[in-house]
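[1] Mind folding the following:
(chains A and B)
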Amino acid sequence: DTAVSQTPKYLVTQMGNDKSIKCEQNLGHDTMYWYKQDSKKFLKIMFSYNNKELIINETVPNRFSPKSPDKAHLNLHINSLELGDSAVYFCASSPYQGTYGYTFGSGTRLTVV
Amino acid sequence: DAKTTQPPSMDCAEGRAANLPCNHSTISGNEYVYWYRQIHSQGPQYIIHGLKNNETNEMASLIITEDRKSSTLILPHATLRDTAVYYCIVRPYNFNKFYFGSGTKLNVKP
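    Model (predicted):
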């Protein structure tokens, strides 16, 4: 069983479209995250949810809207896609309290053309 | 702000120990040292973390200097599958973010 799974793995879409990426974790963790890795390979946190509540929003354009229907799922919806949104998006999860490391998914490579 | 400094790249012979250094001279008393790695095209993988004592798990050992201003991640017997970018991150207890820097690209060679 994959601990943190993301779908789709690859996504190619045109500018202006709206798309969603889904993430699910089966680790029983309370907190989930979205990270973006750009073409220069820098990993940046975007959002964090704890038990369905948004706790971190790192100055991300409001075209990006995360949604957490329950603590095991965190989806990322992106409106009006732009060329600069092309990146690999990683979902991660962790227990809320403590010093635990994160468990990351395998990523979704988004290409906007 | 970069709180850690790592060499951009290192080479290691297969079967030898890989010692990856990290400087964190401004580390605070409540900050832990974490190590992750990212194998090409995969998600980052948590390796190990520590506060001030040396730590060991099935993947690696973490050696933190007594003044806590630097640390070394040790992969005791590197294999080709250990070729990856290794990230050293300092983070306070219960802080809900990891800020990733540029890391060290470890090349394990046959």
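[2] Quick check: A:A92 touching A:H29?
    No - the pair formed by A:A92 and A:H29 falls short of the contact definition of C-beta atoms under 8 Å, at 9.1 Å. The C-beta positions use only the backbone N, C-alpha and C, and glycine is treated the same way.
[3] higher neighbour count, those two?
    A:A92 (25 against 21; other C-beta atoms under 10 Å in any protein chain shown).
[4] wait, what's in contact with the more buried one?
    A:V4, A:M32, A:Y33, A:W34, A:Y35, A:Y102, A:T103, A:F104, A:G105, B:G43, B:P44 (C-beta atoms under 8 Å, 6 or more residues apart in numbering or on different chains).
[5] Excluding chain neighbours, what is closest to the second one?
    So that's A:M32. Of all residues beyond its chain neighbours, the one nearest A:M32 is A:L74 (4.0 Å), with distances taken as C-beta to C-beta, 6 or more residues apart in numbering or on different chains.
[6] Could you tell me how many residues sit around residue 72?
    You didn't say which chain, so I picked chain A. The local packing of A:A72 (other C-beta under 10 Å) involves 17 other residues.
[7] Wait, chain B was what I had in mind.
    For B:T72, the tally of surrounding residues (other C-beta under 10 Å) stands at 17.
[8] Which of the contacts of A:A92 fall in strands?
    Secondary structure of the contacts of A:A92 is defined by DSSP state E; positions in strands are A:V4, A:M32, A:Y33, A:W34, A:Y35, A:T103, A:F104.
[9] Identify the contacts common to A:A92 and A:H29.
    A:T103.
[10] give me the number of residues near the residue nearest to A:M32?
    28.
[11] ok, now which ones touch the closest residue to B:Q42 other than its chain neighbours?
    Across the structure, with C-beta to C-beta, 6+ apart as the measure, the residue nearest B:Q42 apart from its sequence neighbours is A:S106 (6.0 Å). Neighbour list for A:S106: A:T2, A:S5, A:Q6, A:K9, B:Q42, B:G43 [criterion: C-beta under 8 Å, 6+ apart].
[12] My guess is B:I64 contacts B:K52. True?
    Yes - checked against C-beta under 8 Å, the pair B:I64 and B:K52 is within contact range at 5.8 Å.
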